[in-house]
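K.L.:
Sequence first, then the predicted structure, then my questions.
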Amino acid sequence: MGHTAHNKTRLLNRVKRIKGQVEGLERGLEEGRDCGEVLQLIAAVRGAVNGLMAEVIEEHLREHVASPDISGEERARGADDIAGILRTYLK
């Protein structure tokens, strides 16, 4: 997937924020925060990862499935890639 420099920077920034959230979760567990707080931290991490996944899936679909500039074979390969990832991700 060829990310433009802008998209790459945006995606990396999202990953850095997720990393910070995971580190916050780790600290919360180490500090013995109550279950409710830990669950909120987990939900925030999951939401952030889901948002990242949605953004990358959308970019992949636009570049490797919907783009009029690609061949039918490339389009089929792009769709197969997404189908395989979704099967794994949605388990």
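P.N.:
Perfect, thanks for sending it.
K.L.:
make it CA atoms for all contacts and neighbour counts henceforth
P.N.:
Will do.
K.L.:
pLDDT of stretch 60-75, averaged?
P.N.:
Stretch 60-75 carries an average pLDDT of 90.
K.L.:
Show me where the protein dips below the pLDDT cut-off.
P.N.:
Residue ranges of the chain with pLDDT under 70: 1-5.
K.L.:
biggest helix in it by residues?
P.N.:
Taking DSSP state H as the criterion, the chain has its longest helix at helix 35-64.
K.L.:
next one: that helix to chain centre, how far?
P.N.:
Mean-position distance between helix 35-64 and its chain equals 5 Å (C-alpha atoms, centre = their mean, to the nearest Å).
K.L.:
can you list contacts of the helix or strand where residue 78 lies?
P.N.:
Assigned by DSSP states H and E, residue 78 belongs to helix 72-89. Residues from elsewhere that reach helix 72-89, judged by C-alpha atoms under 8 Å, 6 or more residues apart in numbering: 57, 60-61, 64-66.
K.L.:
What residues of the longest helix of the chain count as buried?
P.N.:
38, 41-42, 44-45, 48-49, 52, 56-57, 59-61, 63-64 (16 or more other C-alpha atoms under 10 Å).
K.L.:
now it and helix 72-89, what's the angle there?
P.N.:
Helix 35-64 runs at 170 degrees relative to helix 72-89, counting by axes from the mean of the first three to the mean of the last three C-alpha atoms, to 10 degrees.
K.L.:
what about residue 16, how many residues close to it?
P.N.:
Residues within reach of residue 16, counting by other C-alpha atoms under 10 Å, total 12.
K.L.:
The helix or strand harbouring it versus helix 35-64: what angle between them?
P.N.:
Using DSSP H and E, residue 16 sits in helix 5-30. Interaxial angle of helix 5-30 relative to helix 35-64 (the same axes, to 10 degrees): 160 degrees.
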